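1. With the input below, show me the fold.
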Amino acid sequence: MRFLTFFILIFSLTGTVWSMWLSSELKNEELKLNNIKNKIIAIDEKIRLIDAEWSFITNAKNIEYLNNKYLKLKPVPLKDISFIKTNNEILSEKLVNSNYVSREIN
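-> Numbers count the residues shown, from 1 in each chain. As a prediction, this is how the structure comes out:
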């Protein structure tokens, strides 16, 4: 009978200590989780603010205003840019002009 009482007492104390430790660990993990959630919310707010700023900056009227204030660029008529070649066309002309021969690797 004493052995059974001793076993129940040890088991109860061990269970109590374990449940208190587990409760403490869970509270710590919840605090970490709340900190992470708060950081995610702060980052989302920053992203939304940056998106709003970017949409304002890239607005056509704002780009025109910045151009007129700082750069003073003039639009190029479409007939003037017909001579401009893209990088792919320039590269292909260089390859044709240099008689480039591709070789297969055996």
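
2. Would you map the helices across the protein?
-> Assigned by DSSP state H, the helices in the chain fall at 2-57, 60-66, 87-97.

3. Tell me which of the ones you listed sits nearest to residue 74.
-> Closest approach to residue 74 among the helices of the chain (Cβ to Cβ): helix 60-66, 12.1 Å. Every C-beta, even on glycine, is put in place using the N, C-alpha and C of the backbone.

4. With respect to residue 75, which of the helices of the chain lies nearest?
-> helix 60-66 (10.3 Å).

5. coming back round to it: need the helices of the chain in CSV (columns: mean pLDDT and distance to residue 72).
-> Below are the helices of the chain laid out as CSV (pLDDT from 0 to 100; distance: least, Cβ to Cβ, whole Å):
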stretch, mean pLDDT, distance to residue 72
helix 2-57, 95, 19
helix 60-66, 92, 11
helix 87-97, 58, 28
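
6. Throw the ones you listed into a markdown table and include mean neighbour count and distance to residue 74, thanks.
-> As requested, these are exported to a markdown table (neighbours: other Cβ atoms under 10 Å; distance: least, Cβ to Cβ, whole Å):
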| stretch | mean neighbour count | distance to residue 74 |
| --- | --- | --- |
| helix 2-57 | 10 | 22 |
| helix 60-66 | 10 | 12 |
| helix 87-97 | 10 | 25 |
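
7. Tabulate the ones you listed in TSV, adding columns for distance to residue 75.
-> Converted to TSV, these look like this (distance: least, Cβ to Cβ, whole Å):
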stretch	distance to residue 75
helix 2-57	20
helix 60-66	10
helix 87-97	23
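
8. Can you tell me the centre-most residue of this structure?
-> Per Cα atoms, centre = their mean, the C-alpha nearest to the average position across the chain is that of residue 47, at 9.3 Å.

9. how near is it to residue 36?
-> 16 Å (Cβ to Cβ, to the nearest Å).

10. do residue 69 as well
-> 43 Å.

11. and if you look at residue 22?
-> 21 Å.

12. for residue 5, same thing?
-> Remark: distance between residue 5 and residue 36 (Cβ to Cβ) = 47 Å.
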